[in-house]
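Colleague: heads up, no residue letters with this:
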C-alpha cells in the first residue's frame, strides 16, 4: 500500500496552522492510514540565513529519502507566503514533481496574492510555474480564490474550512444551552 507524505508545521509552537496540521496527522494515525511525516518547524534559536538554510536542507534530505526508499503516491504540503519560505516550497514541489507524485498544496492564509504581487516579475513567473504543478490547492474558503488568481486551472482549487473537534463543539453547545 502506498503512503502519503505530510509536510508541514507540527506543534510546538502552537498556532492555528500547526494545530490544523496536527489534527491531520492524528487522523492518519487514528485511521491507520500509511503516511510519512516531515516537520517544517524551524529549530529554536537564531533565525539567520545559515540556520534556516540548514533547516531547509534537513527537510529536503528527509523528503528525498522518503521519495527514494519508500512507496508513496501523494505529497501534501502547507505553503508559506514569504520569499524565504517559497524557496523551501519551490524545492519540495519541484522535487515531488520530478518524482511524479500527486501534489496537494494547502494555504492557511489569505495573503498569498499580496506575497505574489510583492515579488519581481521574474520571481512571479517562477512562483506561478511552481504552484501550477500542484494537482490540488486547498484554500480555507471560496472567498480566498482570488489569492491564487495566477492558477491556470481553477478546478485545482478545493475549499476546506478549518474546523473544531466535535467534542469541543458539543461541549460548547451544551454550555450555551444551560445559560
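Modeller: Yep, that arrived. This is a predicted model, so every value here is computed, not measured. Numbers count the residues shown, from 1 in each chain.

Colleague: for the protein, what's the longest helix?
Modeller: Counting by DSSP state H, the longest helix found in the chain is helix 49-69.

Colleague: angle of the helix or strand just after it against helix 49-69?
Modeller: Downstream of helix 49-69, the first helix or strand assigned by DSSP states H and E is strand 72-78. Strand 72-78 runs at 160 degrees relative to helix 49-69, counting by axes from the mean of the first three to the mean of the last three Cα atoms, to 10 degrees.

Colleague: could you measure from the residue most central in space within the chain over to residue 22?
Modeller: A centroid search over the chain (Cα atoms, centre = their mean) returns residue 78, at 0.8 Å, as the residue closest to the centre. For residue 78, the distance to residue 22 (Cβ to Cβ, to the nearest Å) stands at 12 Å. For glycine as for every other residue, the C-beta is placed from the backbone atoms N, C-alpha and C.

Colleague: what helix or strand is residue 138 on?
Modeller: Going by DSSP H and E, residue 138 is in strand 136-139.

Colleague: list the contacts of that strand.
Modeller: Counting by Cβ atoms under 8 Å, 6 or more residues apart in numbering, strand 136-139 makes contact with 103-107, 131, 145, 147-148, 151, 156-160, all of which sit outside it.

Colleague: after that strand comes which helix or strand?
Modeller: Criterion used, DSSP H and E; the element after strand 136-139 is strand 157-159.

Colleague: tell me what residue 136 is bridged to.
Modeller: On the basis of DSSP bridges, residue 136 is bridged to residue 104.

Colleague: that one: neighbour count?
Modeller: 15 (other Cβ atoms under 10 Å).

Colleague: next: residue 22.
Modeller: Residues near residue 22, counting by other Cβ under 10 Å: 15.

Colleague: so who does it touch?
Modeller: 10-11.

Colleague: element containing it?
Modeller: helix 16-30.

Colleague: whichever helix or strand comes after that helix packs against which elements?
Modeller: Downstream of helix 16-30, the first helix or strand assigned by DSSP H and E is strand 35-39. Under the contact definition 3 or more Cβ pairs under 8 Å, 6 or more residues apart in numbering; DSSP states H and E, strand 35-39 sits against strand 3-8, helix 16-30, helix 49-69.
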